[in-house]
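A.B. asks: got a predicted model here, sequence first, then my questions.
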Amino acid sequence: MTKFSILNSANNLACLCRLLIIIVATALWHSSLEAEDRQQSIQYEITPYLWAASINGSTAISGEPETPIDSDYSFFSLDNLSGVASATFTARGQQWGFLFDFLYVEYQDTIFEGTPFQATPKLNGRILEFAGTYKPASVNDFEIIAGLRRQDIDFELAILNRTPQASVGWTDPFVGVIYTPALTNKLYLGLRGDVGGFGIESDLAVNAEAMLRYQFGDTFSFKFGYRYLKVKFDDSSLIYDISLDGFLFGLGIRF
């Protein structure tokens with residue numbers, strides 16, 4: 001058996017294991033929610049949102065020098081946005097719930113413009129997040145969250161008449177907490193923090209969010225907040241040590 005076929009079989013087995021984990025987790029949380037639904041209704045919500053984040057850190061494509069990205073400019077600004085789609089879906093019962101988050105972005109920017117080192121980084125990123133939540137009956141406003149975060153990154157850097165590029169993808173487990181106290185009868189605070197990676201695929205993944213939600217009646221809510229996501233990933237094709245942070249806002253729709 002060749003080295004390629006061994007690696008290919010290992011990759012297929014890893015993908016199958018991840019799929020089985022997602023299927024089993026979905027079944028478990030669905031059973032828990034179904035049990036609660038016999039006693040009370042489940043609350044569903046979809047939130048389309050926009051995250052206008054800046055980028056800091058460094059990347060390096062295999063065989064190329066490390067490229068620092070650490071400045072005051074907004075790499076992830078609306079001016080550099082060429083495509084975006086993002087939404088969160090949640091289903092919550094009295095104690096159990098699940099969350100699905102989808103983020104797709106296409107960005108392009110020019111840095112060091114007007115210098116011999118002018119460069120054009122391009123990033124195409126997809127982040128899928130699936131998680132289950134559990135609210136202990138003895139603790140108010142707190143939830144435990146655990147799940148998987150899938151990231152696929154296509155990166156290209158046009159510099160000095162060369163265009164090195166790389167495409168990588170990985171799946172991280174993560175675990176954290178959510179705190180959602182009511183400030184008034186219409187205004188709510190949402191805090192979330194989680195850590196992941198643990199060296200399984202990425203070395204480290206840290207996610208933190210602070211959100212204000214204003215409820216308009218029973219159906220609509222406006223959400224505004226700040227999010228920070230730090231990921232450190234290193235394999236043979238790409239070193240990716242990047243933090244994203246910035247404001248986000250969205251419209252929550254309950255049904």
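C.D. replies: Thanks, I have it. Note that the coordinates shown come from a computational prediction; the quantities given were computed from them, not determined experimentally.
A.B. asks: can you pull out the strands in the stretch 1-150 of the chain?
C.D. replies: For the stretch 1-150 of the chain, the strands defined by DSSP state E, counting those that start in this stretch occupy 43-61, 67-69, 81-92, 96-108, 119-134, 142-159.
A.B. asks: tell me how many other residues surround the spatially closest residue to Leu160 that is not a sequence neighbour.
C.D. replies: Spatial nearest neighbour of Leu160, chain neighbours left out: Phe117 (7.6 Å); criterion: CB to CB, 6 or more residues apart in numbering. Every residue, glycine included, has its C-beta placed from N, CA and C. Residues near Phe117, counting by other CB atoms under 10 Å, number 10.
A.B. asks: please give me every residue in contact with Phe233.
C.D. replies: The contact partners of Phe233, by CB atoms under 8 Å, 6 or more residues apart in numbering, come to Gln151, Val168, Trp170, Glu201, Ser202, Asp203, Ile239, Tyr240, Asp241.
A.B. asks: for these, which one is nearest Val139?
C.D. replies: For the contacts of Phe233, the residue nearest Val139 by CB to CB is Ser202; the value is 30.2 Å.
A.B. asks: make a markdown table from the strands of the stretch 1-150 of the chain and add mean neighbour count and distance to Leu229 to it.
C.D. replies: Listed next are these as a markdown table, based on neighbours: other CB atoms under 10 Å; distance: least, CB to CB, whole Å:
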| stretch | mean neighbour count | distance to Leu229 |
| --- | --- | --- |
| strand 43-61 | 17 | 8 |
| strand 67-69 | 17 | 15 |
| strand 81-92 | 15 | 13 |
| strand 96-108 | 18 | 10 |
| strand 119-134 | 18 | 8 |
| strand 142-159 | 18 | 9 |
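A.B. asks: quick one, which of these is nearest to Leu251?
C.D. replies: Nearest of the strands of the stretch 1-150 of the chain to Leu251, taken as CB to CB: strand 43-61 at 6.1 Å.
A.B. asks: pairing partners for that closest one, with directions?
C.D. replies: Looking at strand 43-61 with DSSP bridges, its partner strands are strand 67-69 (antiparallel), strand 81-92 (antiparallel), strand 238-254 (antiparallel).
A.B. asks: which among those strands is found nearest to Tyr49?
C.D. replies: Per CB to CB, nearest to Tyr49 of those: strand 238-254, 2.8 Å.
A.B. asks: only C-alpha atoms, please: export the closest one in PDB.
C.D. replies: The C-alpha trace of strand 238-254 is given here as PDB (Å, rounded to 0.1, in the frame of the first residue of the first chain):
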ATOM      1  CA  LEU A 238      -0.200  26.600   6.000                       C
ATOM      2  CA  ILE A 239       0.600  28.300   9.300                       C
ATOM      3  CA  TYR A 240      -2.400  30.300  10.400                       C
ATOM      4  CA  ASP A 241      -2.100  32.300  13.600                       C
ATOM      5  CA  ILE A 242      -4.900  34.800  13.300                       C
ATOM      6  CA  SER A 243      -7.300  36.700  15.600                       C
ATOM      7  CA  LEU A 244     -10.500  38.300  14.400                       C
ATOM      8  CA  ASP A 245     -12.300  40.900  16.400                       C
ATOM      9  CA  GLY A 246     -15.000  43.500  15.800                       C
ATOM     10  CA  PHE A 247     -18.600  44.600  16.100                       C
ATOM     11  CA  LEU A 248     -21.500  42.500  14.900                       C
ATOM     12  CA  PHE A 249     -25.200  43.100  14.700                       C
ATOM     13  CA  GLY A 250     -28.200  41.100  13.600                       C
ATOM     14  CA  LEU A 251     -31.900  40.600  13.600                       C
ATOM     15  CA  GLY A 252     -33.300  37.800  15.700                       C
ATOM     16  CA  ILE A 253     -36.600  36.200  14.400                       C
ATOM     17  CA  ARG A 254     -38.400  33.800  16.800                       C
END
